[in-house]
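Q: just to be clear, the model below is a prediction. Sequence and coordinates:
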Amino acid sequence: MQTSVHSTVRFRGTGLHTGAPVSLSICPAPVDHGIVFERTDIRLGNARIPATFDLAEQSPLCTKIVNAAGVSVSTIEHLMAAFAGCGVHNALVRVDGPEVPVLDGSAAPFVRAILSAGVQRLAAPIQVIEVLSTVEVHTAQGWARLGPGPGLTMDFHIDFADGAIGRQSKSIDLANGAFVRELCDSRTFCRASDVAAMRAAGKALGGTMDNAVVVDGDRVLSPGGLRHTDEAVRHKMLDALGDLALAGAPVLGHYEGHKAGHTLTNMLLRALFATPDGFRVRDCDTELAARLPGAGVEAHEIPAVA
């Protein structure tokens with residue numbers, strides 16, 4: 001069955017890139033509503049933006065969606081990952097600025113609030129997007145591939161010069177609440193050498209040691225160190241799940257990313273939907289629903305470290 005949040009949950013924080021204070025509410029929504037963002041600070045014109053891949057502007061640093069009126073919301077990927085990982089298909093996200101609050105740099109605060117509020121079942125079947133043939137996209141930095149699979153599985157590989165990150169690889173089957181247990185608390189990360197350049201460009205103005213893992217060579221500068229020895233690749237997988245959620249329905253397939261980011265995952269969805277015989281949309285029966293990322297998730301599964 002389709003789902004929504006059972007009651008409204010609220011957040012207040014700062015935007016990672018703008019550094020501005022922002023308030024956000026996740027509100028229940030009806031069947032077939034999907035995930036829609038609404039800018040409450042926009043008084044005239046269309047302030048609603050459906051969270052769909054075709055409205056995403058490609059960016060290496062975050063995921064930004066823009067409607068036909070030019071109204072946008074950015075840094076939505078952690079919240080979208082939380083929706084996918086908790087099995088929420090319908091919600092109205094009301095935000096009073098151009099960016100989702102970064103909170104602790106992971107999806108865990110969103111996951112905790114959603115599961116605490118409860119996920120309600122709606123009287124309509126879930127539809128899923130089943131990948132039937134492999135699509136692959138490349139940039140100068142890396143590549144991403146999406147092929148057939150019985151559920152949603154991922155392989156991810158990263159390679160950074162800084163010894164605190166280095167080469168990391170991870171494979172995961174996202175069934176049975178694996179996102180909540182293994183990925184949701186992994187934070188965004190950056191290299192200390194990149195911070196000054198980003199801020200000079202007007203980005204990461206709200207970034208702090210409390211909402212990002214900052215590394216410098218072999219050292220982790222953020223207080224408390226890492227939550228996982230491979231936190232960086234786990235966060236990349238978190239981002240990928242959030243970006244795949246812009247498909248508009250759960251994806252059944254195997255995702256593989258090599259040095260991939262928001263741009264490549266969005267390119268991958270565009271390539272998939274440009275291949276009519278590469279996928280099909282089907283109703284989700286009980287057996288299939290049990291393999292989706294949000295099936296059977298319980299609040300106690302959120303890692304205590306978050």
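A: Ah, there it is.

Q: give the contact list for the closest residue to Glu182 other than its chain neighbours.
A: Leaving aside its chain neighbours, Glu182 sits nearest to Ile172 (6.4 Å; criterion: Cβ to Cβ, 6 or more residues apart in numbering). Heads up, the C-betas are built off the backbone N, CA and C, glycines and all. By Cβ atoms under 8 Å, 6 or more residues apart in numbering, the contact list for Ile172 reads Thr153, Met154, Ala178, Glu182, Leu183, Met237.

Q: how far is the lengthiest helix in the chain from where the chain is centred?
A: With DSSP state H applied, the helix covering the greatest number of residues in the chain is identified as helix 231-244. Using Cα atoms, centre = their mean, to the nearest Å, the distance from the centre of helix 231-244 to the centre of the chain it belongs to is 7 Å.

Q: next, the angle from the strand or helix carrying Pro109 to helix 231-244.
A: Taking DSSP states H and E as the definition, one finds Pro109 inside helix 108-117. For helix 108-117 against helix 231-244, the angle by axes from the mean of the first three to the mean of the last three Cα atoms, to 10 degrees is 60 degrees.

Q: list of residues touching helix 108-117?
A: 5-9, 11, 26, 78-79, 82-83, 85-86, 88, 103, 180, 184-185, 297-299, 302-303, 306.

Q: quick check: which helices or strands does the longest helix of the chain pack against?
A: helix 77-86, strand 152-159, strand 167-173, strand 189-191, strand 251-258, helix 262-273 (3 or more Cβ pairs under 8 Å, 6 or more residues apart in numbering; DSSP states H and E).

Q: if you count neighbours, what's buried in the third one?
A: Of all the residues in strand 167-173, those buried under the rule 16 or more other Cβ atoms under 10 Å are Gln168, Lys170, Ile172.

Q: same check, this time on the first one
A: By 16+ other Cβ under 10 Å, the buried positions in helix 77-86 come out as Glu77, His78, Leu79, Met80, Ala81, Ala82, Phe83, Ala84, Gly85, Cys86.

Q: by mean pLDDT, flag the weakest helix or strand of the protein.
A: Taking mean pLDDT, DSSP states H and E as the measure, the helix or strand of the chain with the lowest value is helix 192-200, at a mean of 71.

Q: could you point out which element follows that helix?
A: Once the chain leaves helix 192-200, the next helix or strand it forms, by DSSP H and E, is strand 213-216.

Q: strands paired with that following strand, and their directions?
A: Using DSSP bridges, the neighbouring strands of strand 213-216 in the sheet come out as strand 189-191 (parallel), strand 219-220 (antiparallel).

Q: list the contacts of the residue minimising distance to the centre of the chain.
A: Central residue check for the chain by Cα atoms, centre = their mean: the C-alpha nearest the mean position is that of Gly242, 2.1 Å away. Neighbour list for Gly242: Thr63, Ile76, Glu77, His78, Leu79, Met80, Ala81, Ala82, Ala84, Ala107 [criterion: Cβ under 8 Å, 6+ apart].

Q: ok, Asp155 next?
A: Asp155 sits next to Ser169, Lys170, Ser171, His254, Tyr255, Glu256, Gly257 when contact means Cβ under 8 Å, 6+ apart.

Q: fine by me, thanks again.
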